[in-house]
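S.K.: just coords:
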């Protein structure tokens, strides 16, 4: 069976960090269909699991829960890489991903995301600014952080398109098919 190394494939930088290139070995093919070996699939699936994610640093207005534990989020390596690429492409180190929660959607709450320029509209006293790897920044208001603390900001590419997504929301009991609307046990 002919093989193609990962470096020979069309590589989409925003799907996985460049540090992971070459660690998956050769990928067998049948005709034009790529068939990664089981170890490769496992490596990709486990790359952004909770066990290897570290919380982003709260660099402005850190918050704590009632019991004194810090309210934190994690950024997946894909999200950090994609945000870093956006910052580099736009040549604007002040860009950050703003995440907020509103009531609405088909499950009670929905999260909204947009890019914000912290140079033009700085974070307020209500906002916590987190910084992940590669200078990636996320801004979350206090009320939203109370619901999102412990979750992960990820970047996914699906058939319907690529997007930043919040995963692992603590207390979420259900979510809609698109993943932006959720119900939470408060």
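M.R.: Good, I have the coordinates. Note that the structure is predicted; figures quoted are calculated from it, not measured. Numbers count the residues shown, from 1 in each chain.
S.K.: who's residue 139 bridged to?
M.R.: When bridges are taken as DSSP bridges, the partners of residue 139 come out as residue 98, residue 129.
S.K.: mind listing what it touches?
M.R.: Residues in contact with residue 139, defined by Cβ atoms under 8 Å, 6 or more residues apart in numbering, are 96, 97, 98, 99, 116, 118, 123, 127, 128, 129, 130. No exception for glycine: its C-beta is placed from N, CA and C like everyone else's.
S.K.: can you map out the helices along the protein?
M.R.: Assigned helices in the chain, in chain order: 38-46, 77-90, 142-148 (criterion: DSSP state H).
S.K.: between the ones you listed, which gets nearest to residue 67?
M.R.: Minimum separation from residue 67 across those (Cβ to Cβ) falls at helix 142-148, 13.1 Å.
S.K.: for the closest one, buried residues please.
M.R.: 144, 145, 147, 148 (16 or more other Cβ atoms under 10 Å).
S.K.: equivalent analysis for stretch 80-100, please.
M.R.: Counting neighbours by 16+ other Cβ under 10 Å, stretch 80-100 gives 80, 81, 82, 83, 84, 87, 95, 96, 97, 98, 99, 100 as buried.
S.K.: what does that stretch rub up against?
M.R.: Contacts with stretch 80-100, where a contact means Cβ under 8 Å, 6+ apart, come from 13-14, 16-18, 75, 79, 111-120, 129, 132-141, 144, 148, 153, 155, 164, 166.
S.K.: any of those buried? List them.
M.R.: A residue is treated as buried here by neighbour count (16+ other Cβ under 10 Å); on that basis the buried members of the contacts of stretch 80-100 are 14, 16-17, 75, 79, 111, 113, 116, 118, 129, 132-134, 136-141, 144, 148, 153, 155, 164, 166.
S.K.: quick one, what contacts residue 76?
M.R.: Going by Cβ under 8 Å, 6+ apart, residue 76 touches 48, 53, 152, 153, 154, 155.
S.K.: wait, the second one sits on residue 73?
M.R.: Yep, that's residue 53 we're talking about. No: with contacts defined as Cβ atoms under 8 Å, residue 53 does not count as touching residue 73, sitting 9.8 Å away.
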